[in-house]
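**Q** Whatever this is, show me its structure:
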Amino acid sequence: MKLQQLRYLVEVAKQGLNVSEAAEKLHTSQPGISKQIRLLEDELGVQIFIRNGKRVVDVTAPGREILRISERILMQARNLKRIGEEFVNVEGGSLTIATTHTQARYALPPTVKAFLERYPKVRLSIKQGSPTQISEMVVEGEADLAIATEGIDHYPELAMLDCYDWNRDVVVPSGHPLASLGRPITLEDVCGYPLITYDFAFTGRSRINQAFENAGLVPNVVLTAIDTDVIKTYVRLGLGIGLIASMAFEPEHDLGLTAVEAGHLFEKSTTHIGVRKDAYLRGYAFDFIQLFAPHLTREVVRENLLCEPGDGDDE
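**A** Numbering: from 1, shown residues only. This is a model prediction of the structure:
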């Protein structure tokens, strides 16, 4: 049995049982993958995949268990490699952060700057996507940490670490009636205008929907976007009022717009970090987490992981 066979097996499952796509992803040949998987089946004495001719059409019952264990073995193999790197390449390495646009654009820059100043030899990569996409990146080992408000709690493989709470502002063009109400804005006020806000899967949208539903109101959502800057652009064009994360309004840059505080209208949202419970984190990964959320010390993070007490510490 070889790790490469397990990689082939897991990748075929990941690619929806499409052997050709798995071969392309792994930069190898389709016949080579098929041969190695059959050799593994022969060694184990069970059929992993159900085939119709040359096509893989399903996973057998024992195959599902074999896949689960194979994923765990491959994760532990990555952990072993990281342990070696911890001692051979103390100052260098790589760290991949998967996050949403709002976090990457507005929350992470100070952390990234401080981290790269502290670890100039670490290759830092930031991947963007929806909460579902970035959570799956971490589950599948394509990223080390996921940072988002939604989605992480749907993945039992991930430990979810609370980072900070935040709420929302209504953004309007300068001179808009909502900018000079002389009183706190209400949901009824918001419903009086076309609304531009986040796509449902992003940045606490569920809290927004819940607030309007609880009040028996239906907002006139005319446009949704995954990018806060896109929302602000269309507000400037006069297509409606925007509802965005408070952190995403920058008075010095958002000229022509006014933010109206709306935190009293919605339940607060919490940004989380997601990390595989069985991951071995290098020392600098712990430091990145604490730079982003100072209360998340190494000890606090370790309590949520399945690693040994001394793991991930190169000090």
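**Q** buried ones in stretch 39-58?
**A** For stretch 39-58, the neighbour count (16 or more other C-beta atoms under 10 Å) marks 40, 41, 48, 49, 56 as buried. No exception for glycine: its C-beta is placed from N, CA and C like everyone else's.
**Q** contact partners of that stretch?
**A** 1, 5-6, 9, 12, 17-19, 34, 37, 59-60, 62-63, 66-67 (C-beta atoms under 8 Å, 6 or more residues apart in numbering).
**Q** Buried members of the residues you listed into PyMOL, please.
**A** Buried members of those, defined by 16+ other C-beta under 10 Å, are picked up in PyMOL with:
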select buried, resi 5+6+9+12+17+18+19+34+37+59+63+66+67
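**Q** Sitting in helices, which of the contacts of stretch 39-58 do you find?
**A** Residues of these located in helices (DSSP state H): 5, 6, 9, 12, 19, 34, 37, 62, 63, 66, 67.
**Q** Output those as TSV; include the columns distance to residue 213 and pLDDT.
**A** Converted to TSV, the ones in helices among the contacts of stretch 39-58 look like this (distance: C-beta to C-beta, whole Å; pLDDT from 0 to 100):
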residue	distance to residue 213	pLDDT
5	50	90
6	46	91
9	45	90
12	42	92
19	46	91
34	51	90
37	49	91
62	45	90
63	43	91
66	44	92
67	40	91
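**Q** I figured residue 193 was touching residue 178, is that so?
**A** Yes: Residue 193 lies in contact with residue 178 (C-beta atoms under 8 Å); the separation is 7.4 Å.
**Q** just the helices in the stretch 1-150 of the chain please.
**A** For the stretch 1-150 of the chain, the helices defined by DSSP state H, counting those that start in this stretch occupy 3-14, 19-25, 30-44, 61-88, 101-102, 109-118, 131-139.
**Q** Could you list the low-confidence segments of the stretch 51-200 of the chain?
**A** Low-confidence segments of the stretch 51-200 of the chain, defined by pLDDT under 70, are located at 85-90, 200.
**Q** do you know how far the residue sitting furthest away from the middle of the chain is from residue 4?
**A** For the chain, the largest distance from the centre (C-alpha atoms, centre = their mean) belongs to residue 182, which lies 39.1 Å off. The gap separating residue 182 from residue 4 is 69 Å, by C-beta to C-beta, to the nearest Å.
**Q** Likewise for residue 145?
**A** 27 Å.
**Q** Look at those two and report which has more neighbours.
**A** The residue with more neighbours, out of residue 145 and residue 4, is residue 145; 24 against 14, by other C-beta atoms under 10 Å.
**Q** Contact partners for the more buried one?
**A** 95, 96, 97, 98, 138, 273, 274, 275, 285, 288, 289.
**Q** and what of residue 28?
**A** residue 8.
**Q** so the closest residue to residue 178 other than its chain neighbours bridges to which residues?
**A** Among residues not flanking residue 178 along the chain, residue 172 sits closest, at 5.0 Å (C-beta to C-beta, 6 or more residues apart in numbering). Here residue 172 shows beta-bridge partners residue 258, assigned using DSSP bridges.
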